[in-house]
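Q: Show me the folded form of this:
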Amino acid sequence: MFAALQSHPWAYPALEVVHISGIALLLGNLVLLELRVFGRGAALPVAELARLSLGLAGAGFCLAAASGLLMFASQAAELLANRAFTLKMLLLLAAGCNAGWFHGRGSLTRLDATARMQMLLSTAIWLAVITCGRWIAYQ
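A: Prediction:
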């Protein structure tokens, strides 16, 4: 399978499309929820919007993670030596820790200053993940 990724001219680019689609689904839905946490769309119930947007964000994460693992497996040595890749992995860990903190403290029911800060931090981390992902090709 990994040989096909390296030898077929369309395999890796197709995998990148899946990866980017997953990222778009993830980040788009997180930004939607962030807007609600900041008071936009106040007519939308937070719990129902969160259930929908977090479900779609989770699906996006699964697409991005699965395609990312396949891309990693096809060139692991090169990626492990790439500083942008290492930073991207550390940022993914930070995103997971921030999400755990957000949900662990019940931020969706509080919608306080800490919840807003956590959402801004989440968006900033994910934008940094995307930046590092693009930077990998130039290292």
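
Q: Residue 108: neighbouring residues, count only.
A: Neighbour count for residue 108, taken as other C-beta atoms under 10 Å: 18. Yep, even glycine has a C-beta here, placed from its N, CA and C like the rest.

Q: same check, this time on the one 5 residues further on
A: A total of 8 residues lie near residue 113 under the criterion other C-beta under 10 Å.

Q: And the one 5 residues further on, by the same measure?
A: Burial of residue 118 is recorded as 20 neighbouring residues (other C-beta under 10 Å).

Q: what helix or strand does it sit in?
A: helix 113-135 (DSSP states H and E).

Q: Mind listing what's buried along that helix?
A: For helix 113-135, a neighbour-count test (16 or more other C-beta atoms under 10 Å) marks 115, 116, 118, 119, 122, 125, 126, 128, 129, 130, 132, 133 as buried.

Q: Relative to residue 104, how far out is the third one?
A: Going from residue 118 to residue 104 by C-beta to C-beta, to the nearest Å gives 11 Å.

Q: now do the last one
A: Summarising the geometry, the distance separating residue 133 from residue 104, computed by C-beta to C-beta, is 27 Å.

Q: Could the C-alpha coordinates of the helix holding residue 118 be exported in PDB?
A: What follows is helix 113-135, C-alpha atoms only, in PDB (Å, rounded to 0.1, in the frame of the first residue of the first chain):
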ATOM      1  CA  ALA A 113     -14.200  34.400  29.700                       C
ATOM      2  CA  THR A 114     -12.100  31.200  30.200                       C
ATOM      3  CA  ALA A 115     -14.300  29.400  27.700                       C
ATOM      4  CA  ARG A 116     -13.800  32.200  25.200                       C
ATOM      5  CA  MET A 117     -10.000  32.200  25.800                       C
ATOM      6  CA  GLN A 118      -9.900  28.400  25.300                       C
ATOM      7  CA  MET A 119     -11.800  28.700  22.000                       C
ATOM      8  CA  LEU A 120      -9.400  31.400  20.800                       C
ATOM      9  CA  LEU A 121      -6.500  29.300  21.900                       C
ATOM     10  CA  SER A 122      -7.900  26.300  20.000                       C
ATOM     11  CA  THR A 123      -8.300  28.300  16.800                       C
ATOM     12  CA  ALA A 124      -4.800  29.700  17.100                       C
ATOM     13  CA  ILE A 125      -3.300  26.200  17.700                       C
ATOM     14  CA  TRP A 126      -5.200  24.800  14.700                       C
ATOM     15  CA  LEU A 127      -4.000  27.600  12.500                       C
ATOM     16  CA  ALA A 128      -0.500  27.000  13.700                       C
ATOM     17  CA  VAL A 129      -0.900  23.300  12.900                       C
ATOM     18  CA  ILE A 130      -2.000  24.200   9.300                       C
ATOM     19  CA  THR A 131       0.900  26.600   9.000                       C
ATOM     20  CA  CYS A 132       3.400  23.900  10.100                       C
ATOM     21  CA  GLY A 133       1.700  21.400   7.800                       C
ATOM     22  CA  ARG A 134       2.300  23.700   4.800                       C
ATOM     23  CA  TRP A 135       5.800  24.500   6.000                       C
END
